[in-house]
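Participant: A predicted structure for the sequence below; I have some questions about it.
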Amino acid sequence: MADAPTPYERFIQGILPENPVYRQLLGLCPVLAVTNGMNAAMTMAGAVAFVLFCANIITSLIRDLLKPHLRIVIFTLTIATFVTIADRFLAAYMYQMSKTLGPYIPLIIVNCLIICRCEVCASKQSVIHAGMDAIGQSIGFAIALGSIAAVREILGTGMLFGIRVLPEMWPDWVVMVLPPGAFLTLGLLLGAVNWYGMRKETAGATA
Amino acid sequence: MNSTTLDRIRNNYVVQAWLVLILAICFGGSLAAMQVALGPIIEANKINETLQKVPEMILGPKKAAALTETEQLKIEPQTIEVEKNNRKCFYSVFKANYPDGKPAGWVAKAVGQGYADKIEVLVGLDHKLKTITGLFVLDQKETPGLGNKIIFDDWRSQFVKKKTKTPLVVTKEGAKKGNEIDSITGATISSRAVCSIINTVVKDLRTPLTKGAN
């Protein structure tokens, strides 16, 4: 494991170099579904962060006991438990938001980002690595959700976090808060991130 | 015990899955404990959401907000059984009385099919079920920007003071008659769905709720 990434590398990679949405294209279901408003997007990011952190820590703690053919069952069991906790917590203390997010909180169970991090990092590295990886990936996921939600909410409703930021005369682009708006925004931002990455690589190669 | 028996035990599915079983028991126990702690709060949230809306549904938002503590309506939840097409269906209704015992009105919870999914509404009615006094959408998953405009005050307010004698109908050409409701542009199905829910709830509850009211 001499070449394995250090905790700091795990943390930093999750934010941009290995961003779960823009680089790995993981967890796209909530990215498309709940990004029509910043409030919903940030709550989803928080719930995913909680589940990812807890699942990574538990998986890392029991990594020596995992049998290869049963590991996916254990990952799913662990993730489902923490998703249920997040879902019930939201229903108890953020009732309206829980209603807004509807089925997308329980659907975190099948978010491939979390199972991927359990498989790639937590089941192979220490608790510190797993924890830092979860924090980095969660920040990366929140940045992706936030950037898409900001574009969609501002253009679609003229507001951000429910507060008006564009003048009243702005003709709301309703399509942006509808499903096509999610695909358009994701595609354009994904293209922009890739273009920026390629430009940086080219600049590095010529220097 | 010879080595073959030991191998057989080791390869047994249940023995192999010992970690899964232990984790399932631990996680199940913690979820049960959490449900015990949070379950009542979640139930209370659901009931509170409905109860808070009852005075507003009957008196209107302004009058409901102006009520002092001694003027608060007395709300009594009831379940009404209605037989339709040889099938029993149940309505959650809230009977509201003024503090002096005079009837203020009824609020009925009703569910119906919308464009995307079920729409759940609260319908406020006067105590004789002759006039609609309020409408609130508790739950809906209609298209954002189009069908979900059923939740906005602008659209819901046109139901207030409508008579229930003739069923409500949706129109695209501007409501003129007493029983007409303006459709939401681009969301006629959602608009019709809400009207249909109201028409059904009024029809179903008219007899059971007005039996003793005069």
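Facilitator: Here it is on my side, so go on.

Participant: Okay, buried residues for stretch B:128-143 please.
Facilitator: Neighbour-count burial for stretch B:128-143, counted by 16 or more other Cβ atoms under 10 Å in any protein chain shown, picks out B:129, B:131-138, B:140, B:142-143. All C-beta spots, glycine's among them, are computed from the backbone N, C-alpha and C.

Participant: Could you export that stretch as PDB, CA atoms only?
Facilitator: Output in PDB follows, covering the C-alpha atoms of stretch B:128-143 (Å, rounded to 0.1, in the frame of the first residue of the first chain):
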ATOM      1  CA  LYS B 128     -74.000  23.400   6.300                       C
ATOM      2  CA  LEU B 129     -71.600  22.500   3.500                       C
ATOM      3  CA  LYS B 130     -73.100  25.100   1.200                       C
ATOM      4  CA  THR B 131     -70.000  27.300   0.600                       C
ATOM      5  CA  ILE B 132     -66.300  26.600   0.200                       C
ATOM      6  CA  THR B 133     -64.400  28.600   2.800                       C
ATOM      7  CA  GLY B 134     -60.800  27.600   2.000                       C
ATOM      8  CA  LEU B 135     -58.500  25.300   0.100                       C
ATOM      9  CA  PHE B 136     -55.000  24.200   0.900                       C
ATOM     10  CA  VAL B 137     -52.800  21.700  -0.900                       C
ATOM     11  CA  LEU B 138     -51.100  19.400   1.600                       C
ATOM     12  CA  ASP B 139     -49.100  17.300  -0.900                       C
ATOM     13  CA  GLN B 140     -48.600  17.300  -4.600                       C
ATOM     14  CA  LYS B 141     -45.900  16.300  -7.100                       C
ATOM     15  CA  GLU B 142     -47.200  18.300 -10.100                       C
ATOM     16  CA  THR B 143     -44.900  19.700 -12.700                       C
END
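
Participant: pLDDT of that stretch, averaged?
Facilitator: pLDDT averaged over stretch B:128-143 equals 87, rounded to a whole number.

Participant: Repeat that for stretch B:46-54.
Facilitator: The average pLDDT for stretch B:46-54 rounds to 84.

Participant: Which strands or helices does the lengthiest helix in chain B pack on?
Facilitator: The helix spanning the most residues in chain B, taking DSSP state H as the definition, is helix B:18-59. For helix B:18-59, the contact count by 3 or more Cβ pairs under 8 Å, 6 or more residues apart in numbering or on different chains; DSSP states H and E identifies helix A:71-93, helix A:95-101, helix B:61-66, strand B:74-84, strand B:87-97, strand B:103-113, strand B:118-125, strand B:132-139 as packing neighbours.

Participant: now for the ones you listed, which one comes closest to residue A:109?
Facilitator: Across the helices and strands packed on helix B:18-59, the minimum distance to residue A:109, taken as Cβ to Cβ, is reached by helix A:71-93, at 4.9 Å.

Participant: which residues touch that closest one?
Facilitator: Contacting residues not belonging to helix A:71-93 are listed as A:43, A:47, A:50-51, A:54-55, A:58-59, A:62, A:66, A:97-98, A:101, A:105-106, A:108-109, A:114-115, A:118-119, A:123, B:17, B:19-20, B:23-24, B:27, B:30-31, B:34-35, B:38, B:41-42, B:45 [Cβ atoms under 8 Å, 6 or more residues apart in numbering or on different chains].

Participant: mind listing what's buried in that helix?
Facilitator: Neighbour-count burial for helix A:71-93, with 16+ other Cβ under 10 Å as criterion, is recorded at A:71, A:74-92.

Participant: okay, that helix in PDB with CA atoms only?
Facilitator: Once non-C-alpha atoms are left out, helix A:71-93 reads as follows in PDB (Å, rounded to 0.1, in the frame of the first residue of the first chain):
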ATOM      1  CA  ARG A  71     -19.000  -7.000   0.900                       C
ATOM      2  CA  ILE A  72     -21.700  -5.400  -1.300                       C
ATOM      3  CA  VAL A  73     -24.400  -6.800   1.000                       C
ATOM      4  CA  ILE A  74     -22.600  -5.200   4.000                       C
ATOM      5  CA  PHE A  75     -22.100  -1.900   2.200                       C
ATOM      6  CA  THR A  76     -25.800  -1.800   1.200                       C
ATOM      7  CA  LEU A  77     -26.900  -2.700   4.800                       C
ATOM      8  CA  THR A  78     -24.700   0.000   6.300                       C
ATOM      9  CA  ILE A  79     -25.800   2.600   3.800                       C
ATOM     10  CA  ALA A  80     -29.500   1.800   4.100                       C
ATOM     11  CA  THR A  81     -29.300   2.200   7.900                       C
ATOM     12  CA  PHE A  82     -27.800   5.600   7.800                       C
ATOM     13  CA  VAL A  83     -30.100   6.700   5.000                       C
ATOM     14  CA  THR A  84     -33.100   5.700   7.100                       C
ATOM     15  CA  ILE A  85     -31.700   7.700  10.000                       C
ATOM     16  CA  ALA A  86     -31.200  10.800   7.800                       C
ATOM     17  CA  ASP A  87     -34.800  10.300   6.400                       C
ATOM     18  CA  ARG A  88     -36.400  10.100   9.800                       C
ATOM     19  CA  PHE A  89     -34.400  12.900  11.200                       C
ATOM     20  CA  LEU A  90     -35.500  15.200   8.300                       C
ATOM     21  CA  ALA A  91     -39.100  14.100   8.800                       C
ATOM     22  CA  ALA A  92     -38.900  15.000  12.500                       C
ATOM     23  CA  TYR A  93     -37.000  18.200  12.400                       C
END
